[in-house]
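Asker: using only what follows, build the 3D model:
(one chain, ligands or ions: 2)
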Amino acid sequence: MLPESQNAVFFNEGHGYLFVKTLGQGQFGCASLVRSLHNGRLYVRKEELRLSEVYSDHQARTQPSREAQLALKVKDIQNVYKLKGWVRHFSSAESKALEVSYWSLCNLGSMNGVYDAARKYGHRLPEPLLCQWLGSMLKTTIQVQQAGIIHRDGHEGNWLLHAENGRVKVILGDFGCAKLREECTQQQWLSGCRSDFANILQIMCLLCGFTDKGTPISMSQVSSYRRERYSCGFMQVLDVLEAIVQTRPRSTTYLHEQISHCIAMLAQVNRPVDLAGLSYLRPTVPKLEFAPYEQARGVIAKNRASFKNWNIATVSSEYPGRASSIKVLGMPREFHDKYYRKEWGSIYQKFEH
Ligand SMILES: Nc1ncnc2c1ncn2[C@@H]1O[C@H](COP(=O)(O)OP(=O)(O)O)[C@@H](O)[C@H]1O
Ligand SMILES: [Mg+2]
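Answerer: Ligands and ions are numbered 1, 2, ... in the order given. Below you'll find the model as predicted:
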């Protein structure tokens with residue numbers, strides 16, 4: 001039995017986040033927006049349920065998930081989403097493991113959302129913005145590949161956007177399908193590198209309105225009518241990019257040299273970006289779907305003095321991370337670690353809050 005609380009709030013999942021809303025449901029897990037009780041900021045939580053037998057030994061159990069490991073390899077690349085921490089809960093009764101990872105939030109969601117919003121409101125995304133995004137996507141992809149990783153899933157749902165100080169940054173997320181160079185043959189590696197760039201071209205064509213979702217694009221099919229909407233400098237970059245992704249590169253270095261040529265061409269067409277009028281490119285602060293966050297904050301505020309010693313909190317729920325009602329419990333951290341390691345065997349590592 002857990003001891004009665006006097007002092008703090010303790011989270012089932014072990015480390016202080018509250019569910020805000022669902023962002024996306026994938027085939028194996030889901031991504032949700034959560035709020036940290038440590039600093040009140042929003043983060044993204046990804047959860048995936050797996051069979052615990054996949055963790056064959058102690059080393060496998062205590063290592064971060066594959067996606068987290070790959071993200072850690074590229075953590076110093078600026079436009080890649082950042083892992084904030086991870087936890088793995090083991091339920092011995094069900095032979096299941098719940099993989100949980102926390103990521104920095106990209107406050108404008110994915111390119112997919114921008115595409116939908118732009119279509120809905122009948123806006124055309126300004127060319128200077130597209131130039132900036134294209135350059136930044138190409139550069140990021142080169143850097144990730146230079147770090148020895150092909151992403152292999154760079155569709156519009158996995159390129160994210162973050163607005164800060166009037167600028168919009170493009171961020172590459174979701175390393176769930178990524179592969180390390182040493183896991184590929186030379187041919188797989190090269191075609192993976194090329195298809196990462198082909199995906200970028202596809203997204204650009206989508207954002208420009210040249211194609212619809214899921215339709216493979218060939219620039220030569222883009223009618224002159226559609227081309228007229230953009231300057232010939234920008235269209236020329238897209239043509240060059242298409243030619244690059246259609247040829248078989250001799251080596252990664254050669255491919256990267258060609259892509260760098262596109263980046264240089266983009267710099268020529270680049271003009272200052274005017275975001276005025278693009279209201280869907282401004283972040284809105286989402287509301288919580290239920291109230292426990294406010295309640296938990298109240299409890300913490302009341303017990304600030306003793307909270308230092310009772311630094312873990314829980315919200316009762318039927319499933320970690322899915323709190324529906326708040327039940328205040330508290331315990332010293334050592335007790336928590338013992339209890340949870342026994343029942344759920346949670347292993348977690350916190351990088352930053
Ligand atoms: N860091 C983030 N910031 C904002 N939205 C995100 C973030 N991470 C994921 N999402 C949203 O959640 C969706 C699913 O997340 P993703 O990491 O792509 O997982 P999956 O492996 O299920 O595809 C994304 O398409 C995006 O809309
Ligand atoms: Mg995804």
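Asker: which residues does residue 80 contact?
Answerer: 71, 74, 140, 144, 171-173 (Cβ atoms under 8 Å, 6 or more residues apart in numbering). All C-beta spots, glycine's among them, are computed from the backbone N, C-alpha and C.
Asker: what distance do you get for it to ligand 2?
Answerer: Separation of residue 80 from ligand 2 (Cβ to the ion, to the nearest Å): 14 Å.
Asker: then residue 45?
Answerer: According to Cβ to the ion, residue 45 stands 14 Å off from ligand 2.
Asker: buried ones in the helix or strand hosting that residue?
Answerer: With secondary structure defined by DSSP states H and E, residue 45 is part of strand 42-51. Within strand 42-51, the residues that count as buried by 16 or more other Cβ atoms under 10 Å are 42-48, 50.
Asker: what of stretch 152-171?
Answerer: Across stretch 152-171, burial judged by 16+ other Cβ under 10 Å covers 152, 154-162, 168-171.
Asker: give me the subset of these lying in helices.
Answerer: Nothing among these maps onto helices, per DSSP state H.
Asker: rewinding a little: turn the contacts of residue 80 into JSON lines, columns for pLDDT and distance to residue 250.
Answerer: Output for the contacts of residue 80, formatted as JSON lines (pLDDT from 0 to 100; distance: Cβ to Cβ, whole Å):
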{"residue": "71", "pLDDT": "93", "distance to residue 250": "30"}
{"residue": "74", "pLDDT": "95", "distance to residue 250": "25"}
{"residue": "140", "pLDDT": "98", "distance to residue 250": "23"}
{"residue": "144", "pLDDT": "98", "distance to residue 250": "20"}
{"residue": "171", "pLDDT": "98", "distance to residue 250": "31"}
{"residue": "172", "pLDDT": "98", "distance to residue 250": "25"}
{"residue": "173", "pLDDT": "95", "distance to residue 250": "30"}
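Asker: list just the nearest of those to ligand 1.
Answerer: If you rank the contacts of residue 80 by distance to ligand 1 using Cβ to the nearest ligand atom, residue 173 comes first, at 4.9 Å.
Asker: surely that closest one touches residue 161?
Answerer: No. Taking contacts as Cβ atoms under 8 Å, residue 173 lies outside contact range of residue 161: 10.3 Å.
Asker: so what sits against both of the two?
Answerer: Here residue 173 and residue 161 have 106, 110 as joint contacts, going by Cβ under 8 Å, 6+ apart.
Asker: and which of the buried residues of strand 42-51 is nearest to residue 255?
Answerer: residue 46 (30.5 Å; Cβ to Cβ).
Asker: dig out what the closest one forms beta bridges with.
Answerer: For residue 46, the beta-bridge partners under DSSP bridges are residue 31, residue 101.
Asker: please tell me how far it sits from residue 112.
Answerer: The gap separating residue 46 from residue 112 is 17 Å, by Cβ to Cβ, to the nearest Å.
Asker: quick revisit: now, the most widely separated pair of the buried residues of stretch 152-171?
Answerer: Within the buried residues of stretch 152-171, 152 and 168 form the most distant pair, 25.0 Å apart (Cβ to Cβ).
Asker: okay, the contacts of residue 80 in CSV with distance to ligand 1 next?
Answerer: Below are the contacts of residue 80 laid out as CSV (distance: Cβ to the nearest ligand atom, whole Å):
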residue, distance to ligand 1
71, 10
74, 14
140, 15
144, 15
171, 7
172, 10
173, 5
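Asker: okay if I get these as CSV plus secondary structure and distance to ligand 2?
Answerer: Shown next, in CSV, are the contacts of residue 80 (DSSP: H, G, I helix; E, B strand; the rest coil; distance: Cβ to the ion, whole Å):
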residue, secondary structure, distance to ligand 2
71, helix, 13
74, coil, 16
140, helix, 16
144, helix, 15
171, strand, 13
172, strand, 11
173, coil, 7
